[in-house]
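A.B. asks: model this:
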Amino acid sequence: MKLDIIKYNQDPRGILRKNNIDVVNNDHAKKLIINMGETLRSTQGVGLAAPQVGKNLNLFIVSYEGFEEVFINPKIYSYGHSEQMSEGCLSVPEIPITVTRKAKVRIQYHNRNWEYKQHEFDGVLSRIVQHEYDHLVGKLITDY
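C.D. replies: All right, here's what the predicted structure looks like:
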């Protein structure tokens, strides 16, 4: 089921700005992941975080050039030199903003099968992961 994406200027409960809680492995979480995947596929986006669909949970998904992953309860570590690039956001539509981010990211998380994973990303995938993680800590590209 396609979910509604909350826009930054249409967020009366402040969902996009709240701290989020860890996800519990249950049927509700599994259904949410499926619905978020359907929602992301219906857009031109490359990532979607649970707060963007009204759920204050530590969860996001990424789909970029054949790479698809679910990140549950992630912990992130950014490093390397800083790079600037224009970014867009499904919750801040049609407003590209130049954002400075670290070039590399190391992330620990559970995937959709609740397997513990550690990965290191650089380039565009690093930027996407950092962008989606920002949503889990109540940060938007308009904050940069």
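
A.B. asks: from here on, contacts and neighbour counts on C-alpha atoms
C.D. replies: Noted.

A.B. asks: farthest residue from the center of this structure?
C.D. replies: Within the chain, His81 marks the point farthest from the mean C-alpha position, 21.9 Å out by C-alpha atoms, centre = their mean.

A.B. asks: what sits against that residue?
C.D. replies: Residues near His81 by C-alpha atoms under 8 Å, 6 or more residues apart in numbering: 102-103.

A.B. asks: pLDDT score for it?
C.D. replies: Per-residue confidence at His81 stands at 92 (pLDDT).

A.B. asks: next one: whichever helix or strand it is part of to chain centre, how far?
C.D. replies: Under the criterion of DSSP states H and E, His81 resides in strand 67-89. Centroid separation for strand 67-89 versus its chain: 8 Å, with C-alpha atoms, centre = their mean, to the nearest Å.

A.B. asks: buried ones in that strand?
C.D. replies: 69-74, 76, 78, 88-89 (16 or more other C-alpha atoms under 10 Å).

A.B. asks: tell me how many other residues crowd Val23.
C.D. replies: 15 (other C-alpha atoms under 10 Å).

A.B. asks: and Asn35, by the same measure?
C.D. replies: The local packing of Asn35 (other C-alpha under 10 Å) involves 16 other residues.

A.B. asks: quick one: secondary structure of it?
C.D. replies: helix (DSSP: H, G, I helix; E, B strand; the rest coil).

A.B. asks: strands along the protein, start to end?
C.D. replies: Counting by DSSP state E, the segments of the chain that form strands are 47-49, 59-64, 67-89, 92-110, 116-122.

A.B. asks: quick one: the residue farthest from the centre of the chain from Gly45, how far?
C.D. replies: 26 Å (C-alpha to C-alpha, to the nearest Å).

A.B. asks: again, but for Cys89
C.D. replies: Cys89 is 8 Å from Gly45, by C-alpha to C-alpha.
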